[in-house]
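K.L.:
Return a 3D structure for these sequence lines:
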Amino acid sequence: MREQLLDYLDQNLESYLRTWKEKIRISDTDVHRDKVEANGILMYRLVQKNIEKPISEEKIISLAHKVAIERAEANVNIGDFIYNVNAGRSVLMKHVTYSDIQVNDLQAILDAINELFDQFSYHAVTEYTKLKENELQEKISFIDETHQEKLSILGQMSSSFVHEFRNPLTAIMGFVKLLQKDYPTLNYLDVIDHELQQLNFRIAQFLHVSKKEIDSGHEEWLDVNDIFESILDFIYPSIVDIDVEIQNDFPEGISIFGQQDKLRQVFLNILMNSLDALKAVGFPRCIHIYGEKVNGTVDIHITNNGPEIPTKTLDRIFEPFYTTKELGTGIGLYVCQKIIQNHSGYISCHSDEHETTFTIRLPYVEKNEQEKTL
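P.N.:
Here you go, the predicted model:
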């Protein structure tokens, strides 16, 4: 019976190929379209060998990997690939039943053909998926490398450009301090000093982002509430100008170990962003500062009742140079994230139609425990 079926398959290969080729989907852009028929013949011969004598799984894997590589190189949709394989299975099963052998006698052979196609499909799809994943990872790595190169070049340009501004700015700030000392009642000096401080703050951000990492600095014990109070005094003119109600409910006496200038920069940046956001809404305009010490961490929350940040924007706000502001730089929150990460913490943002909250979580260590490690 097997010899009879093998003879039948030998004599009717062309008929099988003709029917199969009418059913399959091949793109005009397929770079390996000329190999599709050849692979169909190889699969047909594999079935014949398996009918004659069960073949090893290695032979099935070998053909499956060969076809998967070609399909991946041709960038063929995996759905079309599976469709063509199943079309081959369907045509071949029907093709076998057209022989003069009784269907009952063919059942074991039909089951074996099904099993062979199942194994082929599994190994082909597995290899195809692996190849596509590797290809995707290579593209992602290339994009990341290109992006980092652009950031590095932009950072070098920013550093050079900003240094040219910092030198005269430092001199101007120094002379303003002298004027404040000699003429304490002179109008507008406090406004000029405030704006110069803001400009100096922006310049510092550019210098940070131009470096691969945020520089480490002197660490000390810091009272979180004291930092917020000093920042609120510093930005008081902006608070009055925008008419914002500030509610500072952060508990007194909670200290963290870190770099004061860097953490102050983070809190200041988020508060300034909150003030900018509140310009877009009516009154009341509110910023709420609160937090707590829980489970070995200090959680710091800064909430404003400004407009909701869209989800697609929320997913990108910590990316360098991403901004939705007309005159924004897109580096403030990126620097904030780097600083917090360097303090072994993390920063996140949640926003809905009612409020937007930035949460900063920093590790909390008892002062006496920290001093043992110093």
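
K.L.:
Now do the strands in the stretch 201-350 of the chain.
P.N.:
With strands called from DSSP state E, counting those that start in this stretch, the stretch 201-350 of the chain shows them at 220-223, 245-248, 255-258, 286-294, 297-304, 346-351.

K.L.:
wait, which of these is closest to residue 18?
P.N.:
With C-beta to C-beta as the measure, strand 346-351 is the member of these nearest residue 18 (61.6 Å). The way it works is simple: take the backbone N, C-alpha and C, and place the C-beta from them, glycine included.

K.L.:
who touches that closest one?
P.N.:
Residues outside strand 346-351 that contact it (C-beta atoms under 8 Å, 6 or more residues apart in numbering) are 266, 308-309, 314, 317-318, 336-337, 340, 356-361.

K.L.:
and residue 361, which of the three is it?
P.N.:
Following DSSP: H, G, I helix; E, B strand; the rest coil, we place residue 361 in the strand state.

K.L.:
Now do the contacts for it.
P.N.:
When the contact criterion is C-beta under 8 Å, 6+ apart, the partners of residue 361 are 297-300, 345-347.

K.L.:
repeat that with 6 Å
P.N.:
For residue 361, the contacting residues are 297, 299, 345-346, by C-beta atoms under 6 Å, 6 or more residues apart in numbering.

K.L.:
Emit the PyMOL select command for whichever of the residues you listed are buried.
P.N.:
Burial among the contacts of residue 361 is assessed by 16 or more other C-beta atoms under 10 Å; the matching PyMOL selection reads:
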select buried, resi 297+299+345
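
K.L.:
so who does residue 61 touch?
P.N.:
Going by C-beta under 6 Å, 6+ apart, residue 61 touches residue 123.

K.L.:
can you pull out the helices in the chain?
P.N.:
In the chain, the segments counted as helices under DSSP state H are 2-11, 13-23, 36-52, 57-73, 78-97, 103-182, 189-209, 224-234, 236-242, 260-278, 311-314, 332-342, 367-373.

K.L.:
Compare those and give me the one nearest residue 290.
P.N.:
Among these, the nearest to residue 290 by C-beta to C-beta is helix 224-234 (10.3 Å).

K.L.:
ok, back up a step: among the contacts of strand 346-351, which ones are buried?
P.N.:
266, 309, 317-318, 336-337, 340, 356-358, 360-361.

K.L.:
So what's the residue count around the nearest residue to residue 230 once chain neighbours are set aside?
P.N.:
Distance criterion C-beta to C-beta, 6 or more residues apart in numbering; nearest residue to residue 230, sequence neighbours excluded, is residue 264 at 7.5 Å. By the criterion of other C-beta atoms under 10 Å, residue 264 has 19 neighbours.

K.L.:
How is this protein divided into domains?
P.N.:
By the assignment in automatic domain parsing, the chain contains the domains 2-142, 151-209, 220-373.

K.L.:
Please convert these to a markdown table, extending it with mean pLDDT.
P.N.:
What follows is the domains of the chain, written out as a markdown table (pLDDT from 0 to 100):
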| stretch | mean pLDDT |
| --- | --- |
| domain 2-142 | 83 |
| domain 151-209 | 72 |
| domain 220-373 | 83 |
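
K.L.:
Residues contacting stretch 221-240, please?
P.N.:
Contact with stretch 221-240 is made by 194, 248, 250, 252, 254-257, 260, 264, 267-268, 275, 289, as judged by C-beta under 6 Å, 6+ apart.

K.L.:
Between all of these, which two are separated the most?
P.N.:
Largest separation among the contacts of stretch 221-240 by C-beta to C-beta: 194 and 257, giving 30.2 Å.

K.L.:
So for those two, which sits in the more crowded spot?
P.N.:
More neighbours surround residue 257 than the other of residue 194 and residue 257, with 19 against 15 (other C-beta under 10 Å).

K.L.:
distance of the more buried one from residue 365?
P.N.:
With distances taken as C-beta to C-beta, to the nearest Å, residue 257 is found 6 Å from residue 365.

K.L.:
coming back round to it: export the strands of the stretch 201-350 of the chain to TSV and tack on distance to residue 119?
P.N.:
Listed next are the strands of the stretch 201-350 of the chain as TSV, based on distance: least, C-beta to C-beta, whole Å:
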stretch	distance to residue 119
strand 220-223	64
strand 245-248	67
strand 255-258	59
strand 286-294	54
strand 297-304	52
strand 346-351	46
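
K.L.:
and residue 180, which of the ones you listed is closest to it?
P.N.:
Here strand 245-248 is closest among these (C-beta to C-beta), at 25.3 Å.

K.L.:
which secondary structure elements does that closest one contact?
P.N.:
The contact analysis (3 or more C-beta pairs under 6 Å, 6 or more residues apart in numbering; DSSP states H and E) places strand 245-248 against strand 286-294.
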